[in-house]
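Peer 1: Model the following, please.
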Amino acid sequence: MSQDYTKASFKKLLEKLQEESWQLELLISGFAIFGLFQTIDPLREAAVQARAVENMYSFFTLQVVAVSCYILLFNLLLHVILRGLWIGALGLRYVSGDIDYEKLNYSKKFTNYLKRKVGSFDRYISTLEDYCSVIFAVSFLLIFYVLAFTVIMITIVTNATLLIDNDNIPGWVSKGFGIPIMLFLVFGMLLTFFDFVTQGWLKKKQWISKIYFPIYWVFSFLTLSFLYRALVYNFLDNKFGKRLSLILVPVYFLILVSTSLYYNNSNYFRSTNTTTDYYANKRNYEELIKDDKGVLIDKVAIGKKVTTDSYLKVFVVYKDNIEDNIFDFNEGLKPEKDNRGLSSDIQFGSGDFSFTKKDSLKREYIKTFNDVYSVRIDSVDFDSEFIFAQSKTSELGFETYVKLDSVSQGKHLLKVIRKRIRKKDTSLTRVAQIPFWYFKD
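Peer 2: Next up, the predicted model:
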C-alpha cells in the first residue's frame, strides 16, 4: 500500500481529483467561513476575560488565535470570490468561447496591447484556477502555523515555570538547565522565523546550514512541521506560490494593524480610560455592564453610579496576584503545591485535606484578605467585611457592603486600598478609585 503513489493508476486518480477539487474547496470554505464567524466573538470575549483577570498568557494566546482567524477568514472569503469568478468565467467561455480581438475592431495599438496584457480567455481562467488553489492551500496551512507558534510559546512558558521559577528544585538545576534551554528556545525561534520569512535562506548557505540543522531538527518537532512540511516545500518550489506569498504577507500585516484600529474623537479622553475622580468608565459599575455581553469588570466595581440606598456594594475581581498578596501576609496559607492553572476534575485517591481543614483555611484566607484590603470614601476609612462571591457578570471575586449613613449627599470618590510588602516594608497602594453620587430618598 505504501508504494501505491508510484503506480500510474494512482497518478491518474490524483489528476481526476485535481480537476474536481473545486467542489470540495467551495464546500469546505463555506463551512469554515460560517464556523469562523461563530468563533470570533467568543474568542474576543475570552480574551477580554483573560485580560480582566490579568492572565496574560491566555490573553496573548487568544489574541494570536483571533488575529489568525481574521486572516483565515480573509483568505477563505477571497477564495470564494475568486472561485465564483472562475465559475462565471467557465460559464461565459461555454457561451462565448475565446476572446476574438479582431471582432472587437479596435485600433492596432489597442489590439496589440490587449493581446499582450490580457491574452487568451483560457489563460485568464487558468490564472484564476492557480490563485484559487494556492490561496485555499495557504488558508489551511495557516492553521498549522498558528498551532506551531502556540506550541513554542507553551514550551517557553513551561520551561520558565517548571525550571527557572520553580522553588522546589535546587537553584543550580533550575538556573543551570532552565536558562540555557530558554536561550536555545528563544534564539532557535528567531532563527526559525527568519528562515521561514526568507523562504529558506539559512538552508541555502553551506556553512550556516550545518549550524542551523540541529536547531531546524529540534524545531521541526516543536512546530509540528512533520505534519505539513511537504505542503510547505511544494508551495515554495513554485514561482507562482512564492510571488503570491510576497503579496499576502503585507496583506496579513495590514489585517493585523486593522484589528487594532479605533476612532478617537478627543485629544484627552478615550472610552477605555481607567476610572478616576474625573472619569467614569462603565466597567466599574455593575448596573451598567450586567446586560452588556462581553464587557467585564475592571479590577473593582460598585453597584450603582447614582445610589439612593443607605449602603454601597463594592466588588473586587479575583486575580492571581491577589492570592500572591495574601501569601505575602500569611505564609501559612501558601500550599506546598500550587494548584492554580489548568487542572482536571479527575482525581485519584481521597485527597490530602479533610473538609473541616479546607473550610478553616478558607476562613483564614478571607480574614487575611480583609486585613490586606480596605475601603475608603474620600479620605475616610470605612468598615468592610469582604466575602467570596460572584458578580452580576458571573466573575468571581470579593464582595462587601459599605454603610453610607455618615456620608453627605453629592459626589464622592470610593477607593479600594491594599497593603503590600516592598523590601520587607509594608506600605499602602491604591487598587482602584471610582466616583459615585449619593442622594437620600
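Peer 1: List the contacts of stretch 274-287.
Peer 2: 269, 271-273, 288-289, 292, 295-305, 313, 315, 391-393, 413, 432-435 (Cβ atoms under 8 Å, 6 or more residues apart in numbering). All C-beta spots, glycine's among them, are computed from the backbone N, C-alpha and C.
Peer 1: Which of those are buried, as a PyMOL select command?
Peer 2: In PyMOL syntax, the buried subset of the contacts of stretch 274-287 is picked out as below (16 or more other Cβ atoms under 10 Å):
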select buried, resi 288+289+295+296+297+298+299+300+301+302+303+304+305+313+315+391+393+413+432+433+434+435
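Peer 1: What about the contacts of stretch 274-287, which are in helices?
Peer 2: Under the assignment DSSP state H, these contribute 288, 289 to helices.
Peer 1: Give me the subset of the contacts of stretch 274-287 lying in strands.
Peer 2: Under the assignment DSSP state E, the contacts of stretch 274-287 contribute 300, 301, 302, 313, 315, 413, 432, 433, 434, 435 to strands.
Peer 1: so can I have JSON lines of those showing pLDDT?
Peer 2: As requested, the ones in strands among the contacts of stretch 274-287 are arranged in JSON lines below (pLDDT from 0 to 100):
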{"residue": "300", "pLDDT": "90"}
{"residue": "301", "pLDDT": "91"}
{"residue": "302", "pLDDT": "91"}
{"residue": "313", "pLDDT": "93"}
{"residue": "315", "pLDDT": "94"}
{"residue": "413", "pLDDT": "93"}
{"residue": "432", "pLDDT": "91"}
{"residue": "433", "pLDDT": "92"}
{"residue": "434", "pLDDT": "92"}
{"residue": "435", "pLDDT": "93"}
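Peer 1: Kindly reformat these as a markdown table containing distance to residue 206.
Peer 2: Below are the ones in strands among the contacts of stretch 274-287 laid out as a markdown table (distance: Cβ to Cβ, whole Å):
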| residue | distance to residue 206 |
| --- | --- |
| 300 | 61 |
| 301 | 63 |
| 302 | 68 |
| 313 | 70 |
| 315 | 64 |
| 413 | 69 |
| 432 | 60 |
| 433 | 63 |
| 434 | 65 |
| 435 | 68 |
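Peer 1: Can you list the low-confidence ranges for the stretch 251-400 of the chain?
Peer 2: For the stretch 251-400 of the chain, the stretches with pLDDT under 70 are 252, 255-256, 259-260, 271-273, 291, 293-294, 340-357.
Peer 1: Show me where the chain has its helices.
Peer 2: Ranges of helices within the chain are 8-52, 56-96, 101-104, 108-117, 121-159, 171-197, 201-204, 206-222, 229-236, 239-258, 286-289, 320-329, 355-372, based on DSSP H.
Peer 1: Determine the set of other helices and strands touching the fourth one.
Peer 2: In this structure, helix 108-117 makes packing contacts with helix 101-104, judged by 3 or more Cβ pairs under 8 Å, 6 or more residues apart in numbering; DSSP states H and E.
Peer 1: how far does the helix it packs on sit from the chain's center?
Peer 2: 55 Å (Cα atoms, centre = their mean, to the nearest Å).
Peer 1: Please name every helix or strand in contact with it.
Peer 2: Using 3+ Cβ pairs under 8 Å, 6+ apart: helix 101-104 touches helix 108-117.
Peer 1: From the chain's centroid, how far away is the helix it packs on?
Peer 2: 50 Å.
Peer 1: before we move on, what about stretch 315-335?
Peer 2: The chain centroid and the centroid of stretch 315-335 are separated by 27 Å under Cα atoms, centre = their mean.
Peer 1: Endpoints of that stretch, how far apart?
Peer 2: Using Cα to Cα, to the nearest Å, one end of stretch 315-335 lies 26 Å from the other.
Peer 1: buried set for that stretch?
Peer 2: Buried residues in stretch 315-335 (16+ other Cβ under 10 Å): 315, 316, 317, 318, 319, 322, 323, 325, 326, 327, 329, 330.
Peer 1: Equivalent analysis for stretch 374-388, please.
Peer 2: By neighbour count on 16+ other Cβ under 10 Å, the buried set for stretch 374-388 is 374, 375, 376, 377, 382, 384, 386.
Peer 1: And stretch 97-117, by the same measure?
Peer 2: Under the neighbour-count criterion of 16+ other Cβ under 10 Å, stretch 97-117 has residue 99 buried.
Peer 1: which outside residues touch stretch 251-268?
Peer 2: Stretch 251-268 has contacts (Cβ under 8 Å, 6+ apart) with 66, 67, 70, 71, 74, 270.
Peer 1: Restricting to C-alpha, output that stretch in PDB.
Peer 2: Provided in PDB are the C-alpha atoms of stretch 251-268 (Å, rounded to 0.1, in the frame of the first residue of the first chain):
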ATOM      1  CA  VAL A 251      -1.900  42.000   3.400                       C
ATOM      2  CA  TYR A 252      -1.800  39.900   6.700                       C
ATOM      3  CA  PHE A 253       0.200  42.700   8.300                       C
ATOM      4  CA  LEU A 254      -2.500  45.200   7.300                       C
ATOM      5  CA  ILE A 255      -5.200  42.900   8.700                       C
ATOM      6  CA  LEU A 256      -3.200  42.800  12.000                       C
ATOM      7  CA  VAL A 257      -2.900  46.600  12.100                       C
ATOM      8  CA  SER A 258      -6.600  47.000  11.200                       C
ATOM      9  CA  THR A 259      -7.800  44.900  14.100                       C
ATOM     10  CA  SER A 260      -6.100  47.400  16.500                       C
ATOM     11  CA  LEU A 261      -7.700  50.500  14.900                       C
ATOM     12  CA  TYR A 262     -10.300  52.600  16.700                       C
ATOM     13  CA  TYR A 263     -11.800  56.100  16.300                       C
ATOM     14  CA  ASN A 264     -10.800  58.600  18.900                       C
ATOM     15  CA  ASN A 265     -12.900  61.800  19.000                       C
ATOM     16  CA  SER A 266     -11.000  63.500  21.800                       C
ATOM     17  CA  ASN A 267      -7.400  64.600  22.400                       C
ATOM     18  CA  TYR A 268      -7.800  63.900  26.100                       C
END
